[in-house]
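Trainee: What shape does this take:
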Amino acid sequence: MFRIDPAFEATSEPLTDLGLCHARLQDDARFPWIVLIPRIAGLREVEDLSAEDRVRLVDEVVAAGQAVRRIGHEAARPVEKLNVGQLGNVTPQLHVHVVGRRSDDAAWPGPVWGSGEARRYRPAELATALLTARAALG
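Mentor: Below you'll find the model as predicted:
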């Protein structure tokens, strides 16, 4: 049975379920950031997905990228570059990060992981980011 690792629940907010993935907004207002978690139990690696689901995952990454760009636009911080990463070193459940980056962001040009302290969204910011992302993801 599919369950989300509790680490995601502690650091992100639910957005919606897509065809394959559960989408979550990472609760770090420094970056527009969506995490996609395929809703199949026991996955650790992309290679664990069927060929069809790998294609679906890429399509959902593209959709998440569009949503991340809309979040950045709404926050008056347009995304200059999308970073997509599937690491899993800390949380092994298969998931993909889609992060909007800017040359003036807190971690540029390095990775977002391990760069400073996350800044949780303030309530109004969170509401706007959630609405924007949900509208973009359909």
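
Trainee: Not including adjacent chain positions, what is the nearest residue to Gly72?
Mentor: Val79 (4.0 Å; CB to CB, 6 or more residues apart in numbering). The way it works is simple: take the backbone N, C-alpha and C, and place the C-beta from them, glycine included.

Trainee: can you check Glu45 too?
Mentor: Nearest residue to Glu45 in three dimensions, chain neighbours excluded: Leu94, at 6.5 Å (CB to CB, 6+ apart).

Trainee: can I assume the one you found sits in a helix?
Mentor: No: the assignment for Leu94, made by DSSP: H, G, I helix; E, B strand; the rest coil, is coil rather than a helix.

Trainee: Now do the contacts for it.
Mentor: By CB atoms under 8 Å, 6 or more residues apart in numbering, the residues touching Leu94 are Ile37, Pro38, Leu43, Arg44, Glu45, Val46, Asp48, Leu49, Gln86, Gly88.

Trainee: Contact partners for Ile40?
Mentor: Per CB under 8 Å, 6+ apart, neighbours of Ile40: Phe2, Leu20, Leu49, Asp53.

Trainee: How much space separates it from Asp17?
Mentor: Ile40 sits 12 Å away from Asp17 when distances are taken as CB to CB, to the nearest Å.

Trainee: Equivalent analysis for Ala106, please.
Mentor: Computed with CB to CB, the distance linking Ala106 and Asp17 is 30 Å.

Trainee: If you count surrounding residues, which of those two has more?
Mentor: It is Ala106, of Ala106 and Asp17, that has more neighbours when counted by other CB atoms under 10 Å, with 15 against 12.
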